[in-house]
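In: Need coordinates for the following:
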Amino acid sequence: MQFESNAVFRVKAVAEMFDVSVQTIYRAIESGELGALKLGTGKGALRVPGWALNAYVEACSLAAYETFVAGNQSAAEAADDAQGAQVGEVA
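Out: Numbering: from 1, shown residues only. I've put the predicted structure just below:
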């Protein structure tokens, strides 16, 4: 999925493109995972530039690859798996 770098998208449109809730997109913006532009003063309007969407898709793809294909897990996930193996282990 590639987006034109100069294009800007509404949060609702981005949510529909990714088939997720609008809140999921707002959370990604608030966490800094997805770049956005605030237009206007006060509350303003958020717009997501195409270059930010391209970077976000790339980051998500890399994370999915590392987790599911390469088998790399975070330390917390590895600890959870190890603990689960000990609890469910049959002697």
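In: contacting residues around the strand ranked longest in the chain?
Out: As assigned by DSSP state E, the longest strand anywhere in the chain is strand 45-49. Residues from elsewhere that reach strand 45-49 (C-beta atoms under 8 Å, 6 or more residues apart in numbering): 5-11, 14, 25, 29, 34-39. Just so you know, the C-beta spots here come from the backbone N, C-alpha and C atoms, and that holds for glycine as well.
In: Spell out which strands sit alongside it in the sheet and which way each one runs.
Out: Paired neighbours of strand 45-49 in the sheet (DSSP bridges): strand 8-10 (antiparallel), strand 37-39 (antiparallel).
In: quick one: which of the ones you listed is nearest residue 53?
Out: Closest approach to residue 53 among these is made by strand 8-10 (7.0 Å; C-beta to C-beta).
In: And the next helix or strand past the closest one?
Out: helix 11-18 (DSSP states H and E).
In: in that next one, what counts as buried?
Out: Buried positions in helix 11-18, judged by neighbour count with 16 or more other C-beta atoms under 10 Å: 11, 14, 15, 18.
In: ok, the second one - contacts?
Out: Neighbour list for residue 14: 25, 48, 53 [criterion: C-beta under 8 Å, 6+ apart].
In: Quick check, pLDDT for it.
Out: Residue 14 is assigned 97 on the pLDDT scale.
In: and of the buried residues of helix 11-18, the nearest to residue 1?
Out: Relative to residue 1, the closest of the buried residues of helix 11-18 is residue 18; by C-beta to C-beta it sits at 8.9 Å.
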